[in-house]
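>>> A predicted structure for the sequence below; I have some questions about it.
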Amino acid sequence: MTGGRATTLGQVSAVEPGPEDLKIITLARSARARVAAAEGAAVRDETGRTYAAAAVSLPSLKLSALRLAVAMAVSSGASSLEAAALVSDAEEVDPADLAVVREAGPSAMVFQAGSNGMLRATVQP
């Protein structure tokens, strides 16, 4: 992703993450490392609660880390998301994953970081 390029679900920007955003990036990185998954994600809901997940790849179930983190938040009663973070080696956030975040939090910022935790992109609604 390059700065300023529009996507169908948001726009990439140079917005700097705040302390609470850095926290979910760290949680996403930890979730990924804990099980040596391809990706890790974390989301923060409207009350400040956080949910972290790693990608699941079983023969009968495949879920991205971002979809699982959103599902965890929604199943725990979150009514809206404020922010999401994805840590992976992918070049950009999967548009289908962004769509899931947008359903749960239309104004949520999505921070994409590499496996080293360095921010690659921020996707704004």
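Thanks, I have the structure now.
>>> measure the residue sitting nearest the centre point of the chain to Arg49 for me?
The residue lying closest to the centre of the chain (CA atoms, centre = their mean) is Ala85, at 3.1 Å. According to CB to CB, to the nearest Å, Ala85 and Arg49 sit 14 Å apart. Placement of C-beta: from N, CA and C, glycine included.
>>> Can you list the helices and strands that the longest helix anywhere in the chain packs against?
If each helix of the chain is counted by residues according to DSSP state H, the longest one is helix 19-34. Contacts defined by 3 or more CB pairs under 8 Å, 6 or more residues apart in numbering; DSSP states H and E place helix 19-34 against strand 39-45, strand 50-54, helix 65-75, strand 81-88, strand 109-113.
>>> Please point out which parts of stretch 34-48 sit buried.
Going by neighbour count (16 or more other CB atoms under 10 Å), the buried part of stretch 34-48 is 37, 39-45.
>>> correct me, but Glu39 touches Ala54?
Yes - assessed by CB atoms under 8 Å, Glu39 is found in contact with Ala54 at 7.2 Å.
>>> any residues in contact with both of the two?
32, 65 (CB atoms under 8 Å, 6 or more residues apart in numbering).
>>> what angle do the longest helix of the chain and helix 65-75 make?
120 degrees (axes from the mean of the first three to the mean of the last three CA atoms, to 10 degrees).
>>> could you give me the average pLDDT of helix 19-34?
Across helix 19-34, pLDDT averages out at 96.
>>> now it: how far from the chain's centre is it?
Here helix 19-34 is found 10 Å from its chain centre; the criterion is CA atoms, centre = their mean, to the nearest Å.
>>> Output it as CSV, nothing but the C-alphas.
Below are the C-alpha coordinates for helix 19-34, written out as CSV (Å, rounded to 0.1, in the frame of the first residue of the first chain):
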residue,chain,number,x,y,z
PRO,A,19,-0.4,4.9,22.9
GLU,A,20,-3.6,2.8,22.9
ASP,A,21,-3.1,2.0,19.2
LEU,A,22,0.5,0.9,19.9
LYS,A,23,-0.9,-1.4,22.6
ILE,A,24,-3.1,-3.3,20.1
ILE,A,25,-0.2,-3.6,17.6
THR,A,26,1.9,-5.1,20.4
LEU,A,27,-1.0,-7.5,21.3
ALA,A,28,-1.4,-8.5,17.7
ARG,A,29,2.3,-9.2,17.4
SER,A,30,2.3,-11.3,20.6
ALA,A,31,-0.7,-13.3,19.4
ARG,A,32,1.1,-14.1,16.2
ALA,A,33,4.3,-15.1,17.9
ARG,A,34,2.7,-17.2,20.6
